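Enquirer: curious how this folds, go ahead:
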Amino acid sequence: MTSPHENADAVYKTDALIAEDIDAYLETHQHKSLLRFITCGSVDDGKSTLIGRLLYDSKMIFEDQLEALQSDSKRVGTQGQDIDFALLVDGLAAEREQGITIDVAYRFFATEKRKFIVADCPGHEQYTRNMVTGASTADLAVILIDARKGVLVQTRRHSYLAKLIGIKNIVLAVNKMDLIGYSQATYEAIVADYMSFAASIGIDHFTAIPISGFKGDNITANSPNTPWYHGAPLIEHLETVEIDLVSDQAKPLRMPVQWVNRPNLDFRGFSGLIATGSVKPGDAIRVLPSGKTSTVSKIVTLDEELDEAVAGQSVTICFADEIDCSRGDVIAAADAPPEVSNQFESTIVWLDDDPLHVGRAYWLKLGTQLVSVTVQEPKYTVNVNTMEHMAAKTLELNAIGVAELATDKPIVFEPYNDSRSLGGFILIDKITNRTVGAGMLHFSLRRAQNVHWQPTDITREAHASLKNQKPRVLWFTGLSGSGKSTIANEVEKQLNLMNRHTFLLDGDNVRHGLNKDLGFTEADRIENIRRVGEVAKLMADAGLIVLTAFISPFRAERDMVRKMLPDGEFIEIFVDTPLEVAEARCERPVQKGTQWGAQEFYRH
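Expert: A predicted model of the protein is given here:
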């Protein structure tokens, strides 16, 4: 059989319209639907080769790229003198040298019927976070299986992740059929094996296709080598599969506000991408979380007003009434609003080398909403190789766990299964600004609806006025043995002589009662500071001047307490004592990693 890429340089030609009239070329693609999909599977299942084949067959490789590809194929390729299509995607030097995919590679291509963005996701387990990144925006997953090896552990892992992230369209591409003589029996055995596993994780439908990414079988047309296969070739299936955008338009209106558009005094609109539903002038809307209602007066884009806007369009919506609406709010259908809550159960995929710090405050970004959040100890983690639920105190790199979250203020959300836009979130470290986790909200906790702030008539200002003082929290921090408790005690004595109402919270004293159940792990230290911060806040609300003496080496936890109080009420006092003096006072070495000198304190 002649390989489809033999003599490629003699017959291969890209779309001439690109060079002749780029505007006309772009116009032909403007109104095509866009499908985002990923290729994933185990190592060496042929993911990169398949994408290279798709790029080649859709005429998306230019002359200089083809020349470089042919040269690279001879130099570092794995297909002898033939074109190694994987090199079109494996762009990193490390990938080419090892013959594997490490990073997520995105490629664009188009056919007569549809545009595509494909993400080539790495197969190695240590790059699971990269796979999650690629899958987060995908409408479809092509899960490749090497026909010689069948269903492997990584096949199960990526199938579970695709299901977890909400990808509803699954293609099982049994690749390298040419290496098993296009055996129908082997193919059907693999499909049956995968079907049994898929049912166990909730995948009730998938499309199986026997292919050869290298030879081109069943990629653009049905192959004569598999006369027993009567389904559509891969490209045809990708061109015709229904994408979520169509079903999203039938759902109630949801538009997270990205920007308040106020170019002049006579215009005020709210801009964003419509996540679900549709909207017309005259429709009743509700702005959440405030719950204020109005009607749509007009819908505008850069150059025109619209009679209707649907999911997937970026628009500016104007209201008939002057109501408060800002970035982070959600414009929704008045009669079918989403939920608002501040406590949730969620699934979290941990993406950072440093583990989750239970109780520490992170930023949670959901759509255009950004709030502070704390994560509780995981209920369990999932072993994606066996689907077993495992006990865990925290989440390590690539771990997937179920845990409860608490945000510092209510957010607008929907369960992830109903809405990716209002159910999917990322976690950001407040100090480093690294994205450390990605997650999916399941539901609001019942206690979030049952527990409310009880209004009281005596305000914190009234408490302070009665004591004729301004409440403050004086937060003494420093090494063990630095003298912070001694200094805090002396300061309180002086304040007492001045007839000020005070209370001293000492680190050792609170561990005899309030924090008796806490140890000295990093998670327990964080919880220790959180509890003391809450107590200090209540005392400040009562009008007291509160003094605290804690090692509190992490800036994140000190900032957490600072944010509990009104601006200016938290005063941080670092007791700077030389390390050798502190050690002499303690009669023991000050442990590295838990108690730092001055530079380490300020660095953290």
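
Enquirer: to what extent is Val581 buried, counted in neighbours?
Expert: Neighbour count of Val581, defined by other Cβ atoms under 10 Å: 13. Every residue, glycine included, has its C-beta placed from N, CA and C.

Enquirer: next one: it from Val575, what distance?
Expert: According to Cβ to Cβ, to the nearest Å, Val581 and Val575 sit 11 Å apart.

Enquirer: surely Val241 is in contact with Asn169?
Expert: Yes - the pair Val241 / Asn169 is scored as a contact, 5.5 Å apart, by Cβ atoms under 8 Å.

Enquirer: looking at those two, which is more packed in?
Expert: Between Val241 and Asn169, counting by other Cβ under 10 Å, Asn169 is the more crowded of the two (21 against 17).

Enquirer: which residue, other than its chain neighbours, is closest to that one?
Expert: Leaving aside its chain neighbours, Asn169 sits nearest to Leu140 (4.0 Å; criterion: Cβ to Cβ, 6 or more residues apart in numbering).

Enquirer: does the one you found have beta-bridge partners, and which?
Expert: With DSSP bridges as the criterion, Leu140 is bridged to Phe37, Asn169.

Enquirer: most remote residue from the protein's center?
Expert: Leu497 (54.1 Å; Cα atoms, centre = their mean).

Enquirer: ok so, going back, need the residues touching each of Val241 and Asn169.
Expert: Leu140 (Cβ atoms under 8 Å, 6 or more residues apart in numbering).

Enquirer: what are the ranges of the strands in the stretch 451-600 of the chain?
Expert: 472-478, 502-506, 545-550, 570-575 (DSSP state E, counting those that start in this stretch).

Enquirer: residues contacting the first one, please?
Expert: With Cβ under 8 Å, 6+ apart as the test, strand 472-478 has contacts from 484-485, 487-488, 491, 536-537, 540, 545-553, 558, 561, 565, 569-577, 601.

Enquirer: buried ones among the residues you listed?
Expert: Among the contacts of strand 472-478, those classed as buried by 16 or more other Cβ atoms under 10 Å are 484-485, 487-488, 491, 536-537, 540, 545-553, 558, 561, 565, 569-570, 573-575, 577, 601.

Enquirer: residues near the closest residue to Ala584 other than its chain neighbours, how many?
Expert: Nearest residue to Ala584, sequence neighbours excluded (Cβ to Cβ, 6+ apart): Gly481, at 7.7 Å. Neighbourhood size, Gly481 [other Cβ under 10 Å]: 19.

Enquirer: quick check: Gly481 touching Thr577?
Expert: Yes - counting by Cβ under 8 Å, Gly481 touches Thr577, with 7.2 Å between them.

Enquirer: domains for this structure, by residue range?
Expert: 5-242, 248-333, 339-450, 460-603 (automatic domain parsing).

Enquirer: can I get the ones you listed in a markdown table including mean pLDDT?
Expert: Formatted as a markdown table, the domains of the chain follow (pLDDT from 0 to 100):
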| stretch | mean pLDDT |
| --- | --- |
| domain 5-242 | 76 |
| domain 248-333 | 92 |
| domain 339-450 | 90 |
| domain 460-603 | 85 |
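
Enquirer: now Val315: how far from Val473?
Expert: 46 Å.

Enquirer: more neighbours, those two?
Expert: Val473 (24 against 20).

Enquirer: partner residues bridging the more buried one?
Expert: Judged by DSSP bridges, the bridge partners of Val473 are Val546, Phe570.

Enquirer: Val310 - how many residues pack around it?
Expert: By other Cβ under 10 Å, neighbour count at Val310 equals 19.

Enquirer: that one is in contact with Leu273, isn't it?
Expert: No - contact criterion Cβ under 8 Å: Val310 and Leu273 do not qualify, at 11.3 Å.

Enquirer: run through the helices of the stretch 501-604 of the chain in chain order.
Expert: Assigned by DSSP state H, counting those that start in this stretch, the helices in the stretch 501-604 of the chain fall at 507-510, 522-541, 555-564, 579-586, 598-603.

Enquirer: now for those helices, which one comes closest to Asp283?
Expert: When the helices of the stretch 501-604 of the chain are compared by Cβ to Cβ, helix 555-564 sits nearest Asp283, at 38.1 Å.

Enquirer: list the helices and strands that closest one packs on?
Expert: strand 361-366, strand 472-478, helix 522-541, strand 570-575 (3 or more Cβ pairs under 8 Å, 6 or more residues apart in numbering; DSSP states H and E).

Enquirer: need those in CSV with distance to Gly424, can you?
Expert: CSV is the format used below for these (distance: least, Cβ to Cβ, whole Å):
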stretch, distance to Gly424
strand 361-366, 7
strand 472-478, 36
helix 522-541, 26
strand 570-575, 34
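
Enquirer: need the winner for burial among those.
Expert: strand 472-478 (a mean of 23; mean count of other Cβ atoms under 10 Å).

Enquirer: whichever strand or helix holds Ala185 packs against which elements?
Expert: Secondary-structure assignment from DSSP states H and E places Ala185 in helix 184-200. The criterion is 3+ Cβ pairs under 8 Å, 6+ apart, and the helices and strands that helix 184-200 contacts are helix 153-165, strand 169-175, strand 207-210.

Enquirer: let's see 10 Å
Expert: strand 140-146, helix 153-165, strand 169-175, strand 207-210 (3 or more Cβ pairs under 10 Å, 6 or more residues apart in numbering; DSSP states H and E).

Enquirer: tell me the buried residues in the longest one?
Expert: When neighbours are counted by 16+ other Cβ under 10 Å, the buried residues of helix 153-165 are found to be 154-165.

Enquirer: phi and psi next, for Leu50.
Expert: Per-residue torsions, Leu50: phi -60, psi -50 (degrees, to the nearest 10).

Enquirer: can I assume it is in contact with Val118?
Expert: Yes - assessed by Cβ atoms under 10 Å, Leu50 is found in contact with Val118 at 9.0 Å.

Enquirer: from what I can see Lys113 touches His237, true?
Expert: No - using Cβ under 10 Å, Lys113 is not in contact with His237, being 11.6 Å away.

Enquirer: ok so, going back, name the surrounding residues that touch the helix holding Ala185.
Expert: 143, 145-151, 155-156, 159-160, 163, 170, 172, 174, 177, 180, 183, 203-206, 208-210, 226-229, 387 (Cβ atoms under 10 Å, 6 or more residues apart in numbering).

Enquirer: now list the buried members of those.
Expert: Using 16+ other Cβ under 10 Å, the buried ones in these are 143, 145-147, 151, 155-156, 159-160, 163, 170, 172, 174, 177, 180, 203, 206, 208-210, 226, 229.

Enquirer: does Met387 touch Lys163 like I think?
Expert: No - with contact defined as Cβ under 10 Å, Met387 does not reach Lys163; the gap is 11.0 Å.

Enquirer: any common contacting residues for the two?
Expert: Ile201.

Enquirer: what's the closest of the buried residues of helix 153-165 to Val532?
Expert: Using Cβ to Cβ, those come closest to Val532 at Leu164, 37.2 Å.

Enquirer: what's near enough to touch that closest one?
Expert: Contacts of Leu164 by Cβ under 10 Å, 6+ apart are 132, 135, 201-202, 347, 349, 382, 384, 400, 416, 440.

Enquirer: make a PyMOL selection of whichever of those residues turn out to be buried.
Expert: A single PyMOL command selects the buried members of those (16+ other Cβ under 10 Å):
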select buried, resi 132+135+347+349+382+384+400+416+440
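
Enquirer: any chance of TSV for the contacts of Leu164, columns secondary structure and distance to Asp517?
Expert: Listed next are those as TSV, based on DSSP: H, G, I helix; E, B strand; the rest coil; distance: Cβ to Cβ, whole Å:
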residue	secondary structure	distance to Asp517
Val132	helix	35
Ala135	helix	40
Ile201	coil	38
Gly202	coil	38
Thr347	strand	28
Val349	strand	30
Val382	strand	28
Val384	coil	33
Ile400	strand	28
Tyr416	coil	33
Met440	strand	31
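
Enquirer: nearest to Phe425 among the contacts of Leu164?
Expert: Met440 (7.8 Å).

Enquirer: the closest one and Ile348 touch, don't they?
Expert: Yes - counting by Cβ under 10 Å, Met440 touches Ile348, with 8.2 Å between them.
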